[in-house]
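Trainee: Whatever this is, show me its structure:
(one chain, ligands or ions: 1)
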Amino acid sequence: MTTAAKPKGGLEDTVATSSAICYLDGDRGVLSYCGYDIHDLARHATFEEVCYLLWHRRLPTRGELGDLQAQLVASRPLPEPVLRLMRALPPGDGMDTLRTLTSALSHYDADTADHSVQANYRKAVRLTAQIGSIVATIGRMNSGGGPMQPDPVLGHAANFLYMLTGEKPSEHHAKVFDVALVLHADHEFNASTFAARVVAGTLATMYAGVAAAIAALSGPLHGGANTAVMRTLLEIGEVDNVDSYIKKALSEKRKIMGFGHAVYRTEDPRATHLRKFSKEMGELAGDTKWYEISRKVEEVMQREKGLYPNVDFFSASTYYMMGIPLDLYTPIFAVSRISGWTGHILEQYADNKLIRPRAEYVGKRDVPYVPIDQR
Ligand code: COA
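Mentor: Residues are numbered from 1 along each chain as shown. This next block holds a predicted model:
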């Protein structure tokens, strides 16, 4: 292939297509969904409102929000065979379980192969409700409890915590979790969303696109970073250990999870809210140690590398102080990001073009074929 410009590694700064869903300005630390600034959404909107926004590109009226809430509630129960499959799987990584069960859901949805706009919207709603139920049930079963029936009275965030713990969450916990879902809902062409769009661009089903997105999210350079952050904090153990730990890790060229970003060159606006939650949740639980260690890590990383925390850094200690098990952090990312993935898949279907880039060929050319017994 002959190209004028040499492609950047990782397609960095490459504009793949246009989208009206998410705007990012990495230099100024701006993130907005369909024109609404993330700080306004974090302060005022619920996750359900954000789902509606990402799917319709406008905020719902009260009536439309009520309809969506009712549809989500009705979609929460998991098909019995999917629960049976969950019980039958050997213990393993939560993201592998989530990917397998999301694929399995496609077999129990009468709309799976229906590509009409209406059917695709119904699938977006179902997937959003059911991925919440799957992740809560994975957590519940891992801790030895049986699956919980969803509570139709509770909103998406509160119901998730209820199905996970078996107890109704406090209003404060439910609110913090709801805002965490708002903050993680979309992020332009991140790796998992791009994977979803590539798959949807072949006109494969929404389930196929979402399964691909879950696979992409599972890696430690993407959604897997939040669990890795908490493991690092636990390894550090005390504020006094931070300086030496970070300096040693950096001298060994190890990356500190939860820092740096492919787009932001300043503070990730989502981290601003999560930092506050990490402190609040620590204070509520009477243990601010993880917040304090996090703040010190932040200070050392800024001094040593000039790097800012990303969305994963303070979500780790926030979830930890809420009593959420470590191996659920990345699946919880999916509980939120499903709204963005499905929004992007709907947008892809609406004006589809197969995504098929080219590669710059750097291998050998014109090599004569050598028969196998002469090699
Ligand atoms: N810890 C230590 N150093 C880091 C770092 C981190 N978390 N993130 C970037 N750097 C350093 C790199 O080592 C490199 O330094 P060098 O120029 O001396 O070699 C420089 O910063 C640029 O790194 P690069 O990997 O090219 O940055 P990027 O912008 O392409 O990568 C990430 C972005 C997110 C992949 C990267 O910052 C990272 O791996 N972070 C940790 C994982 C993480 O938190 N992921 C969640 C993202 S929301």
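Trainee: pLDDT at the residue in the chain positioned nearest to the ligand, what is it?
Mentor: Nearest residue of the chain to the ligand: residue 260, at 2.2 Å (C-beta to the nearest ligand atom). From N, CA and C alone the C-beta is placed, and that goes for glycine too. Residue 260 is assigned 95 on the pLDDT scale.
Trainee: i'd like the first residue to be 706 from this point on
Mentor: Let's use 706 as the start, then, which means that last one is residue 965.
Trainee: and it, how many residues sit next to it?
Mentor: Using other C-beta atoms under 10 Å, residue 965 has 19 neighbouring residues.
Trainee: Residue 1014 is in contact with that one, correct?
Mentor: No. Applying C-beta atoms under 8 Å as the test, residue 965 and residue 1014 come out as separate, 9.1 Å apart.
Trainee: Backbone torsions only: list them for the residue nearest to residue 813 when sequence neighbours are not counted.
Mentor: In space, and not counting its chain neighbours, residue 813 is closest to residue 784: 4.0 Å by C-beta to C-beta, 6 or more residues apart in numbering. Backbone torsions for residue 784, taken as degrees, to the nearest 10, come to phi -60, psi 140.
Trainee: Now for the residue of the chain closest to the ligand: which residues touch it?
Mentor: 1012-1013, 1015 (C-beta atoms under 8 Å, 6 or more residues apart in numbering).
Trainee: what residues does this structure put near the ligand?
Mentor: By C-beta under 6 Å from any ligand atom, the residues of the chain that approach the ligand are 926, 930, 960-967, 1010, 1012, 1015-1017.
Trainee: Nearest to residue 765 among those?
Mentor: Of all these, residue 1016 has the smallest distance to residue 765: 25.1 Å, by C-beta to C-beta.
Trainee: dump the residue contacts of the closest one.
Mentor: 888-889, 892, 973, 975-976, 979.
Trainee: would you turn those residues into TSV with distance to residue 1001, secondary structure and neighbour count?
Mentor: TSV is the format used below for these (distance: C-beta to C-beta, whole Å; DSSP: H, G, I helix; E, B strand; the rest coil; neighbours: other C-beta atoms under 10 Å):
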residue	distance to residue 1001	secondary structure	neighbour count
888	23	helix	27
889	25	helix	25
892	27	coil	23
973	19	coil	26
975	21	helix	27
976	15	helix	25
979	16	helix	30
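Trainee: Helix, strand, or coil at the residue nearest to residue 727 when sequence neighbours are not counted?
Mentor: Leaving aside its sequence neighbours, residue 727 sits nearest to residue 893 (C-beta to C-beta, 6+ apart; 4.3 Å). Secondary structure, DSSP: H, G, I helix; E, B strand; the rest coil: residue 893 is coil.
Trainee: Quick check: which element contains residue 1061?
Mentor: Residue 1061 belongs to no helix or strand when assigned by DSSP states H and E.
Trainee: neighbours around it, how many?
Mentor: 8.
Trainee: just the helices in the stretch 806-955 of the chain please.
Mentor: Listed in chain order, the helices of the stretch 806-955 of the chain (DSSP state H, counting those that start in this stretch) span 822-847, 861-870, 876-889, 896-905, 911-922, 930-941, 947-956.
Trainee: Adding mean pLDDT, write those out as TSV.
Mentor: Converted to TSV, the helices of the stretch 806-955 of the chain look like this (pLDDT from 0 to 100):
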stretch	mean pLDDT
helix 822-847	98
helix 861-870	98
helix 876-889	98
helix 896-905	98
helix 911-922	98
helix 930-941	96
helix 947-956	97
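Trainee: would you list these in TSV and tack on distance to residue 811?
Mentor: Formatted as TSV, the helices of the stretch 806-955 of the chain follow (distance: least, C-beta to C-beta, whole Å):
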stretch	distance to residue 811
helix 822-847	9
helix 861-870	22
helix 876-889	24
helix 896-905	13
helix 911-922	4
helix 930-941	27
helix 947-956	42
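Trainee: Can you check which of those helices gets nearest to residue 985?
Mentor: Closest to residue 985 of these is helix 876-889 (C-beta to C-beta; 7.1 Å).
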